[in-house]
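In: please work out how this folds:
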Amino acid sequence: MTRVLYPGSFDPIHCGHLEMIETIAGLFEEVVVAAMENPQKGEGLFGMSEREKMIEESCAHLPNVTVAMFSGLVVDLVRDLGADLIVKGLRAVSDFENELQMAQMNSALSGVQTLFVPSASRRSFLASKLIREVARLGGDVSSMVPEPVNRRMNRIEASGL
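Out: I've put the predicted structure just below:
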C-alpha cells in the first residue's frame, strides 16, 4: 500500500486544495492530509481543531483520505505515519523555488522524497492567505471554499470578527 502525506496549513482549506486532494486520492491508495501551524504565514483564522473538522468534512467523499494535525518537522510525521512520499501541489513557478528547497531539505534530513503535482485548473490563483484577507474585508469567497468552510466563514462574518 502506498501512503502519501499532503501537508499544509489549510487555514482554511479551499477548492484548490480539495482539487489537489482529489487528484492525489485517485493516484495513491492512502492520502494523509496533514494540517500544521505555520508561524511564517501570520495570524491564523481557524484553530487546529476547527481546521481538522473542515478538512474531514470537505474530504468525506474520499474514503482513502485521512486527516492528521501536527507541529514540528514534516519528516518526523512521515516517519510516524509510515508514509512513502510527501506530495506538494504547485500553482505557479514561484511555488516551485520554495517547495524545491523544502523537498531537498526533507530529503537531506530523512531520505523521504517529494512528488510535485501541478495545479491543472482555473483555481491555481487560490491561496488561503488571500481568502482570509477577502473574507475579513467582507468579500464573498463562497465559490472558493468547500461548503463546510463557507458555513464557518459566514459564522465568523456574522460575529463581526
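
In: where are the low-confidence patches of the chain?
Out: 38-43, 157-161 (pLDDT under 70).

In: where do the strands sit along it?
Out: Ranges of strands within the chain are 3-8, 30-36, 65-70, 85-90, 113-118, based on DSSP state E.

In: who wins for proximity to Gly139 among those strands?
Out: Nearest to Gly139 among those is strand 3-8; the distance by C-beta to C-beta comes to 22.3 Å. Where C-beta positions appear, they are placed from N, C-alpha and C, glycine not excepted.

In: quick check: angle from the closest one to strand 85-90?
Out: 40 degrees (axes from the mean of the first three to the mean of the last three C-alpha atoms, to 10 degrees).

In: that older thread, turn the strands of the chain into CSV, including distance to Ser124 and mean neighbour count.
Out: Converted to CSV, the strands of the chain look like this (distance: least, C-beta to C-beta, whole Å; neighbours: other C-beta atoms under 10 Å):
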stretch, distance to Ser124, mean neighbour count
strand 3-8, 15, 22
strand 30-36, 19, 23
strand 65-70, 21, 18
strand 85-90, 9, 21
strand 113-118, 9, 15
